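Colleague: Just the structure for this:
(2 chains)
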Number of protein chains: 2
Amino acid sequence: MELNRFVCKNYRDLDDLLKFSWSSPSNIALVKYWGKNKDQTPKNSSISFTLSSCKTKTSIIFSKIEKKLDVVNFTISYDGKRQNDFRPKIEKYFASIIKYCPYLLYCNLEINTKNTFPHSSGIASSASGMSALSLCIMSLEKEITKEDFSGNFFFLKASFLSRIGSGSACRSVYGGFNIWGKHKDFEQSSDLFSLQLNQSISTEFENFQDTILLVDENQKDVSSSAGHSLMDNHPFSVDRYMIANKNTSALKIILEKGNLFAFCELVEKEAMMLHSLMMTSSPSYVLMKPETLKIIYEIKSFRNMNKVPVCFTLDAGANVHVLYPEKDSKSVLDFINSKLSKYCFQGKFIKDHLGKGPEKI
Amino acid sequence: MELNRFVCKNYRDLDDLLKFSWSSPSNIALVKYWGKNKDQTPKNSSISFTLSSCKTKTSIIFSKIEKKLDVVNFTISYDGKRQNDFRPKIEKYFASIIKYCPYLLYCNLEINTKNTFPHSSGIASSASGMSALSLCIMSLEKEITKEDFSGNFFFLKASFLSRIGSGSACRSVYGGFNIWGKHKDFEQSSDLFSLQLNQSISTEFENFQDTILLVDENQKDVSSSAGHSLMDNHPFSVDRYMIANKNTSALKIILEKGNLFAFCELVEKEAMMLHSLMMTSSPSYVLMKPETLKIIYEIKSFRNMNKVPVCFTLDAGANVHVLYPEKDSKSVLDFINSKLSKYCFQGKFIKDHLGKGPEKI
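Modeller: Okay, here's the model as predicted:
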């Protein structure tokens, strides 16, 4: 069974105290993951773009205990301050991964975490947060197994563990573009973990830019988790999953060939479809805000007028990710400052770009 | 063949001059018509709400000519002023209906038309315009056949002719709620014409109100005709047609039982699905404007806060139809004046309500 390879069997006692720290980025899906199976595997493959500046820094102090516990014992702090409202999600996560990381029952965990991006800015922190957490756990596993983790098993299992915590988190353990979900065009692809695209990506996408316009700082009306579950009885779900897989194939070629305008078209269609799926679910809901639409109209118009390959994508929220090549940074940033920033909450946006993946710190 | 019944065969010579005038209302679909066959029959059944104040007044002077023509000879004026840009559509219309109304080749037509609602206000004038035109032609047919048109054949053929001019126009020849498109729950229903709902409509919908918020006075980016054709290769089309037919069944029961909140839910879902279909077509497009979304959010919030069964629907455009029972007029109009009118172009909205259908004038 494929899952067996992720079960850690040979580990020795911890040292009294071990501390590991990882910084892990968020990512934004270009082909969207929307709809999942009970085991947190996706209904279709997705391709993501790893961010650089938007990240979570997490440290875990693992301290040895004498007697094996039944559940993982931990404390959780955000920027040094105890955060008990984070507990339920982390408890659920540990309960789900304990069969793969049984050594966690032999220690106390003191977790401290912090995001570089503003709290409740509407940027999914579960991707960066869950991947940072998983990477710290993998550092412990490496230490107490003394495995050299030939190949990329270290990151593969980190991705596998991240996925269990939050689906899209599995795409945050590598830099660049990532694929998650079994897909015929990607031989090694799997529903269980993400892989960095090893196809030759065109230099057109080198240091690609993503400026995130913060439209809404409020909590979303419908959580992504609830949104995914509304896909289960969605009338368009079967067709949607097929289209997403087709778009994955198409995006692979676009990324290889460097066709920037085709990239814009495909990425925007995916964003529109994601939000259409929300608008046609039962109950129906809308996460776009008026400012989201204003920005979308402006971007389309700017692209048509100036022939600059800038496009938007949306996460499951109101914020707009503006994607463009580095060579067009000046004109696009001028455009963002003069035309788009006024639609942002307090004029805020985050200048980010294609990232190289997590860092051990 | 069913179409044969609409071919007029026994008609006598015209008097030298005959003039007929009809006023015919616009209508708004509650279950939407989106996607059509080549013969202008719909891909799914739709249910509409006839308006009262938004209407077209059309007069035609039919003057006898000596020799049969090959095509229908006409002039067209808007409010007394010649409008040659209307000609192509009307020429196409006459060419399509001539086999059913062959007597039109024996006269000149002097058409004069006028809408009660502001020109280019974004309200579909094809429904009211094409139905008023068809009714004038049917008045001529009645005069020169001396048929008594037993049953409702007069309006049935008017609806049939209207449909050929503009699909949704066929729902504008009767008042109240109308069904167009063959549907198992409506015995007499047909793809060729519309019928007034003869089920007992609950008194809850008596004199139901529709206030039309004019968000955008510009020409639409994508015409409805182009929009319909994008359904031909739409990935969700088959499911959409099935859902629309289900919603037709559900709305029938809602209208009979007078379940106002279920009405709101269904009508809003249909509007959202219509616009989702546009957003997921190829090319993808958005007709909602930022103000459309602002209004939608406000209406949902007002309904939840005040427990008033007010809801929105959208046509294939940015304007918002606000639907509510007459008994709630005061509170809803206060709400529209204080909260919604500021999102309207020049603060404009049109207060309308469920209409009784066309009038011979």
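Colleague: only C-alpha atoms for contact and neighbour calcs from this point on.
Modeller: Fine.
Colleague: what's the nearest residue to the residue in the stretch 201-350 of chain A positioned nearest to chain B if we skip its chain neighbours?
Modeller: Nearest residue of the stretch 201-350 of chain A to chain B, counting by C-alpha to the nearest C-alpha: A:P290, 4.1 Å away. Of all residues not flanking A:P290 in the chain, B:P290 sits nearest, at 4.1 Å (C-alpha to C-alpha, 6 or more residues apart in numbering or on different chains).
Colleague: List the contacts of the one you found.
Modeller: Remark: with contacts taken as C-alpha atoms under 8 Å, 6 or more residues apart in numbering or on different chains, B:P290 is in contact with A:K289, A:P290, A:E291, A:T292, A:L293, A:K294.
Colleague: Got the phi and psi for it?
Modeller: The phi and psi values for B:P290, taken as degrees, to the nearest 10, are phi -50, psi -40.
Colleague: could you check the distance from it over to B:I350?
Modeller: Here the criterion is C-alpha to C-alpha, to the nearest Å. By it, B:P290 lies 20 Å from B:I350.
Colleague: got it, and A:L277?
Modeller: Between A:L277 and B:I350 the distance is 32 Å, computed by C-alpha to C-alpha.
Colleague: how about the residues of the stretch 201-350 of chain A near chain B?
Modeller: Contact residues (C-alpha under 8 Å from any C-alpha of the partner chain) of the stretch 201-350 of chain A with chain B: A:235-236, A:239, A:243, A:269, A:272-273, A:276-277, A:279-280, A:284, A:289-294.
Colleague: which residues of chain A fall in strands?
Modeller: Under the criterion DSSP state E, chain A carries strands at the ranges A:17-31, A:46-64, A:73-78, A:81-82, A:107-115, A:177-180, A:194-196, A:209-213, A:311-314, A:320-324, A:349-353, A:359-360.
Colleague: right, and those strands - which one's nearest B:K81?
Modeller: strand A:311-314 (45.7 Å; C-alpha to C-alpha).
Colleague: Any chance you could list what contacts the closest one?
Modeller: Residues from elsewhere that reach strand A:311-314 (C-alpha under 8 Å, 6+ apart): A:30, A:264-265, A:267-268, A:270-271, A:296, A:299-300, A:303, A:320-324.
Colleague: who touches the residue lying closest to A:L69 once chain neighbours are set aside in this structure?
Modeller: Nearest residue to A:L69, sequence neighbours excluded (C-alpha to C-alpha, 6+ apart): A:L105, at 5.1 Å. By C-alpha under 8 Å, 6+ apart, A:L105 lies in contact with A:K68, A:L69, A:D70, A:V71, A:V72, A:N73, A:I98.
Colleague: now do A:D239
Modeller: A:D239 makes contacts with B:P235, B:F236, as judged by C-alpha under 8 Å, 6+ apart.
Colleague: From B:V238, how far out is it?
Modeller: Per C-alpha to C-alpha, A:D239 is found 10 Å from B:V238.
Colleague: For the helix or strand of chain A with the lowest mean pLDDT, buried residues please.
Modeller: Lowest by mean pLDDT, DSSP states H and E among the helices and strands of chain A is helix A:224-229, with a mean of 89. Neighbour-count burial for helix A:224-229, counted by 16 or more other C-alpha atoms under 10 Å in any protein chain shown, picks out A:S224, A:G227, A:H228, A:S229.
Colleague: Just put the strands of chain A in TSV and tack on distance to B:S172.
Modeller: Putting the strands of chain A into TSV (distance: least, C-alpha to C-alpha, whole Å) gives the following:
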stretch	distance to B:S172
strand A:17-31	43
strand A:46-64	46
strand A:73-78	62
strand A:81-82	65
strand A:107-115	58
strand A:177-180	51
strand A:194-196	55
strand A:209-213	45
strand A:311-314	40
strand A:320-324	42
strand A:349-353	49
strand A:359-360	66
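Colleague: Adding mean pLDDT, write those out as TSV.
Modeller: As requested, these are exported to TSV (pLDDT from 0 to 100):
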stretch	mean pLDDT
strand A:17-31	96
strand A:46-64	95
strand A:73-78	95
strand A:81-82	94
strand A:107-115	95
strand A:177-180	97
strand A:194-196	96
strand A:209-213	96
strand A:311-314	97
strand A:320-324	97
strand A:349-353	94
strand A:359-360	96
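Colleague: Go through these and name the closest to B:L109.
Modeller: Comparing these by their distance to B:L109 (C-alpha to C-alpha), the top pick is strand A:311-314, with 51.9 Å.
Colleague: Partner strands of the closest one and their direction?
Modeller: Here strand A:311-314 is paired, per DSSP bridges, with strand A:320-324 (antiparallel).
Colleague: A:I201: what's it in contact with?
Modeller: Neighbours of A:I201 in contact, by C-alpha under 8 Å, 6+ apart: A:L255, A:E256, A:K257, A:G258.
Colleague: The third one touches A:S202, doesn't it?
Modeller: Read that as A:K257. Yes. Using C-alpha atoms under 8 Å, A:K257 is in contact with A:S202, at 5.9 Å.
Colleague: farthest residue from the center of chain A?
Modeller: A:E66 (36.4 Å; C-alpha atoms, centre = their mean).
Colleague: Next, give phi and psi for it.
Modeller: Phi and psi for A:E66, reported as degrees, to the nearest 10, are phi -80, psi -40.
Colleague: give the contact list for it.
Modeller: A:E66 is in contact with A:Y106, counting by C-alpha under 8 Å, 6+ apart.
Colleague: is it true that A:L354 touches A:T211?
Modeller: No. Using C-alpha under 8 Å, A:L354 makes no contact with A:T211, being 10.5 Å away.
Colleague: Tell me the spacing between the spatially closest residue to A:N10 that is not a sequence neighbour and A:C101.
Modeller: Excluding the flanking residues, the one nearest A:N10 by C-alpha to C-alpha, 6+ apart is A:T145, at 6.1 Å. Remark: distance between A:T145 and A:C101 (C-alpha to C-alpha) = 11 Å.
Colleague: now the helices for the stretch 201-350 of chain A?
Modeller: Secondary structure of the stretch 201-350 of chain A, counting by DSSP state H, counting those that start in this stretch: helices at A:224-229, A:237-257, A:260-279, A:290-306, A:329-335.
Colleague: other SSEs contacting the third one?
Modeller: Secondary-structure packing of helix A:260-279 (3 or more C-alpha pairs under 8 Å, 6 or more residues apart in numbering or on different chains; DSSP states H and E): strand A:17-31, helix A:237-257, strand A:311-314, helix B:260-279.
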